[in-house]
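Asker: Have a look; sequence and predicted model below, questions after that.
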Amino acid sequence: MSHPFKLALVGIGKIARDQHLPAIAGEAGIELAAAVSRNGRVDHVPNFTDIAALIESGLAIDAVSLCTPPVGRHKIAAQALAAGFHVMLEKPPGATLAEVHQLQAQAVAAGRSLFATWHSRHAAGVAAAAMWLADKRITRASIVWREDIRVWHPGQEWILEAGGLGVFDPGINALSIVTAILPGALRIEKAKLVFPEGRGAPIAAELAMVHDDTAPVMADFDFRQTGPQSWDITIETDQGTLMLTEGGARLWIDGVEQAAQGIGEYPALYRRFAELVAAGQSDCDLRPLTLVADAFLLGERTETDPFAF
Ligand code: NAP
């Protein structure tokens with residue numbers, strides 16, 4: 001493999017432009033060598049309209065990073081692995097659990113790295129939160145993840161279609177954090193899902209989870225928040241209360257803010273991808289997607305007013 005390894009970025013939309021392109025430019029171990037998108041383009045590299053055209057071109061590529069919506073991502077990832085590329089997946093890693101299990105097996109058989117990313121796990125307060133919680137007894141936790149869909153997902157009709165995850169698109173970020181920092185196992189006990197009339201994915205959800213079969217963990221996800229946004233997690237323990245605010249960027253213990261750590265969420269993802277490829281390893285933790293799937297299995301569904309972007 002070449003060093004720095006040559007990467008193609010696939011799905012040139014909001015997150016590719018806002019986060020992936022700057023993070024790749026800052027990672028010495030990775031060179032952006034191509035872009036793949038039906039409409040989006042990246043200057044100064046060869047552009048292709050689909051992954052098959054990239055593969056057919058014979059351009060030297062070591063890895064791809066996929067930033068397309070979850071529905072349809074499996075097909076692109078499978079083609080990439082079959083072509084011998086390492087694969088990095090935006091969150092959520094797929095539209096179903098089975099399709100990601102299949103990719104895991106394909107990556108092992110091909111001897112390639114598969115990295116299912118969870119960018120929020122690299123927010124500045126998360127690693128220190130996990131360390132602090134490791135020896136505590138959890139008594140209760142709550143998540144409030146409320147954001148304005150029109151601000152963060154402008155015009156993204158796919159997000160409210162079946163498979164787009166709806167409010168779980170941001171909500172899964174909170175679930176990626178709690179599954180990383182809580183010392184025990186989390187599972188869903190009850191869920192309520194609110195679907196706008198005529199839409200295939202929920203715009204709001206309430207989850208009642210349980211940690212290690214003892215501590216209640218409640219989640220309140222809402223895409224209709226205007227004004228100040230809320231991305232907060234509060235965890236009560238036998239030895240004090242931990243809070244992560246601003247999506248995990250700030251950490252508080254018993255009301256006292258702790259020092260932040262880290263190089264930034266997306267720079268950390270590309271650093272980790274370079275390490276995984278160099279070590280011949282994969283990283284594919286499906287616990288956040290499993291919780292979302294279980295919420296869809298158990299959730300009581302109600303309908304609300306139609307939603308237009
Ligand atoms: P987006 O702005 O809609 O960009 C996705 C791009 O994928 C589109 O611009 C489109 O480019 C391409 N695409 C391929 N097949 C598509 C299809 N069937 N429908 C729509 N677009 C398709 O979405 P995004 O916000 O970048 O999100 C992409 C992924 O990143 C999602 O999994 C999301 O959860 C994740 N993410 C988003 C954010 C955020 O704040 N927006 C943050 C973190 C992670 P072409 O038309 O050029 O093919």
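Answerer: On my side now, so go ahead. Numbers count the residues shown, from 1 in each chain.
Asker: Just give me how far stretch 283-301 sits from the chain centre.
Answerer: 13 Å (C-alpha atoms, centre = their mean, to the nearest Å).
Asker: Can you give me the buried ones in it?
Answerer: 284, 286, 288-296, 298-299 (16 or more other C-beta atoms under 10 Å). C-betas here are computed from N, CA, C, even on glycine.
Asker: Please enumerate residues in contact with it?
Answerer: Under the contact criterion C-beta atoms under 8 Å, 6 or more residues apart in numbering, stretch 283-301 has outside partners 91-94, 96-97, 100-101, 103-104, 114-116, 118, 165, 168, 171-172, 175-176, 179, 186-195, 202, 205, 207, 209, 272, 276.
Asker: taking those residues one by one, which sit in helices?
Answerer: 97, 100-101, 103-104, 168, 171-172, 175-176, 179, 272, 276 (DSSP state H).
Asker: Nearest to residue 77, out of these: which one, please.
Answerer: residue 103 (5.3 Å; C-beta to C-beta).
Asker: re the thing from before, just the buried residues from the contacts of stretch 283-301, in ChimeraX please.
Answerer: Command for ChimeraX that selects the buried part of these, burial taken from 16+ other C-beta under 10 Å:
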select :91,92,93,94,100,103,114,115,116,118,165,168,171,172,175,176,179,186,188,191,192,193,194,195,202,205,207,209,272,276
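Asker: among the contacts of stretch 283-301, which are within reach of the ligand?
Answerer: Among these, the residues that sit close to the ligand (C-beta under 6 Å from any ligand atom) are residue 91.
Asker: What parts of the protein come near the ligand?
Answerer: So far as C-beta under 6 Å from any ligand atom goes, the chain lies against the ligand at 11-16, 37-40, 67-70, 72, 90-91, 119, 152-153, 156, 158, 169.
Asker: Helices along the protein, start to end?
Answerer: Going by DSSP H, the chain shows helices at 14-15, 21-25, 51-57, 73-82, 97-110, 126-133, 149-152, 168-181, 265-279, 287-298.
Asker: most packed of those?
Answerer: Most buried of the helices of the chain, by mean neighbour count (mean count of other C-beta atoms under 10 Å): helix 168-181, with a mean of 25.
Asker: The residue lying closest to residue 54 once chain neighbours are set aside: what's it in contact with?
Answerer: In this structure, residue 54 finds its nearest non-sequential neighbour in residue 48, 4.3 Å apart by C-beta to C-beta, 6 or more residues apart in numbering. The contact partners of residue 48, taken as C-beta under 8 Å, 6+ apart, are 8, 34-36, 54, 57.
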